[in-house]
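>>> sequence first, then the predicted structure, then my questions.
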Amino acid sequence: MNWLGRFVNRESPVPEEAGALRDWLALPVADPTRAHFETRYCVVNTESTGLDLERDQLLSVAAVAVDGGLLDPAQSCYARLEPDPDAALREWLVFVGKGPLVVFNAGFNRGMLERALSARLGIETGLPWIDLYFVLPALFPERISAPVRLGDWLNIFGIETLPQHRALGDAWAIGQLFLAVQARGLQNGAGCARALIDIERNRRQLWRHT
């Protein structure tokens, strides 16, 4: 088994219901102006029955932490929604805490997660999201200058995904892309979550009008 296999079959303990949500609600939202190396980001991903937000259902949720500029498979969470969707979503929520969330294709993944959290737990997270779909071409225009599929970026950087647990494997791969984003961001004066969020917003507006 290669070293990535350390988290392939990892199952986190399910947090106790009332206490877990109470503790999460009491957490302060992370300061988005703190430097990358002082911030715990969570790269998140989902797996669903399809790509239609209205008709398809969430199957699993995953997250991998990038903490202090380090990506560690031991800091990961993978939870299938069946047989207990509420427990799976609580586990994911407690793991990610209230730091910035990193995603590729926020429109789908964020939509799936926020709909499920609202319907099952009555939670509106209000957390900051950073969508690498827009941030990557903004910071690496010499590689690709417009939004493209995740697979294109993985090929460019030579990143492989895990063969099992698609949601977790893709989160791990996106986490490696995010390390490159942090490094390039620091070179370009984007050394915190707020700066990356601003880059995303500006690029969204630019490409919306092109």
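Structure received. Given the structure is predicted, the values throughout are model-derived calculations rather than measurements. Numbers count the residues shown, from 1 in each chain.
>>> can we go C-alpha only for contacts and neighbour counts from here?
Will do.
>>> show me where this protein has strands.
In the chain, the segments counted as strands under DSSP state E are 40-48, 58-67, 70-80, 101-103, 129-131.
>>> quick one: the ones you listed as a markdown table, columns for distance to residue 176, mean neighbour count and mean pLDDT too.
Formatted as a markdown table, the entries for the strands of the chain read as follows, by distance: least, Cα to Cα, whole Å; neighbours: other Cα atoms under 10 Å; pLDDT from 0 to 100:
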| stretch | distance to residue 176 | mean neighbour count | mean pLDDT |
| --- | --- | --- | --- |
| strand 40-48 | 10 | 25 | 95 |
| strand 58-67 | 9 | 25 | 96 |
| strand 70-80 | 8 | 20 | 93 |
| strand 101-103 | 11 | 25 | 97 |
| strand 129-131 | 14 | 23 | 97 |
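>>> low-confidence ranges in the chain?
Per-residue confidence of the chain (counting by pLDDT under 70) places the weak regions at 1-18, 52, 163-165, 209-210.
>>> what packs against the longest helix along it?
Among the elements of the chain assigned as helix by DSSP state H, the one spanning the most residues is helix 166-187. Identification of packing neighbours for helix 166-187 by 3 or more Cα pairs under 8 Å, 6 or more residues apart in numbering; DSSP states H and E yields strand 40-48, strand 58-67, strand 70-80, helix 132-139, helix 150-157.
>>> 7 Å - rerun?
Counting contacts by 3 or more Cα pairs under 7 Å, 6 or more residues apart in numbering; DSSP states H and E, helix 166-187 packs against strand 40-48, strand 58-67.
>>> so which bits of it are buried?
Of all the residues in helix 166-187, those buried under the rule 16 or more other Cα atoms under 10 Å are 166-182, 184-185.
>>> and what of stretch 193-206?
Applying a neighbour-count criterion of 16+ other Cα under 10 Å, the buried positions in stretch 193-206 are 193-197, 199-200, 203.
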